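>>> need a structure here:
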Amino acid sequence: MAEENVIKDKSKAFALRIIKLYKYLCNEKHEYVLSKQILRSGTSIGANVREAQRGQSKPDFYTKLFVALKEADETAYWLELLHESEYIDQSAFESVYADCDEIIKLLTSITKTR
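Numbering: from 1, shown residues only. Below is the predicted model:
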């Protein structure tokens, strides 16, 4: 159960980082398409983790966690695009990408124990 709490806390903290990144992209870079995509996928991770905790069954729990894992992987993709298109610099990319990668590893570990 401790792992679920860690993933819950980390995915919520990550969502807050993504919201800040979204605001930066809109306000400073005037980028509205990629920023909306990363806002959606990056905040969806925590929402699905939270929903998994109230799953109706064990299969429902794991289904929600698999969705969270897919959203995390999609978020990694948007981060790569934002970096490679020079909307975010190397330092910002490495920091937020490391957090995303950690969430992917946690979700992978949790879903493998099924």
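>>> neighbours around Leu65, how many?
A count of neighbours around Leu65, defined by other CB atoms under 10 Å, yields 24. Heads up, the C-betas are built off the backbone N, CA and C, glycines and all.
>>> ditto for Arg50
15.
>>> Could you verify my assumption that it touches Asp9?
No. Counting by CB atoms under 8 Å, Arg50 sits too far from Asp9 to count as a contact (11.0 Å).
>>> Quick one: mean pLDDT over the helix or strand hosting Glu74.
Using DSSP states H and E, the secondary-structure element containing Glu74 is helix 58-84. In this model, helix 58-84 carries a mean pLDDT of 97.
>>> and the angle from whatever helix or strand comes next after that helix to helix 58-84?
Reading on from helix 58-84 to the C-terminus, the next helix or strand found by DSSP H and E is helix 90-112. Using axes from the mean of the first three to the mean of the last three CA atoms, to 10 degrees, one finds that helix 90-112 and helix 58-84 are set 160 degrees apart in direction.
>>> taking the mean pLDDT, what do you get for helix 90-112?
Along helix 90-112, the predicted confidence averages to a pLDDT of 97.
>>> Name the residues of that helix that come out as buried.
By neighbour count on 16 or more other CB atoms under 10 Å, the buried set for helix 90-112 is Phe93, Val96, Tyr97, Asp99, Cys100, Ile103, Ile104, Leu106, Leu107, Ile110.
>>> Give the other helices and strands that that helix contacts.
Helices and strands in packing contact with helix 90-112 are listed as helix 2-27, helix 58-84; criterion 3 or more CB pairs under 8 Å, 6 or more residues apart in numbering; DSSP states H and E.
>>> show me the contacts for the closest residue to Asn48 other than its chain neighbours.
Computed as CB to CB, 6 or more residues apart in numbering, the closest residue to Asn48 that is not its neighbour in sequence is Ala68, at 3.8 Å. For Ala68, the set of contacting residues under the criterion of CB atoms under 8 Å, 6 or more residues apart in numbering consists of Ser11, Ser44, Ile45, Gly46, Asn48, Val49, Ala52, Leu107.
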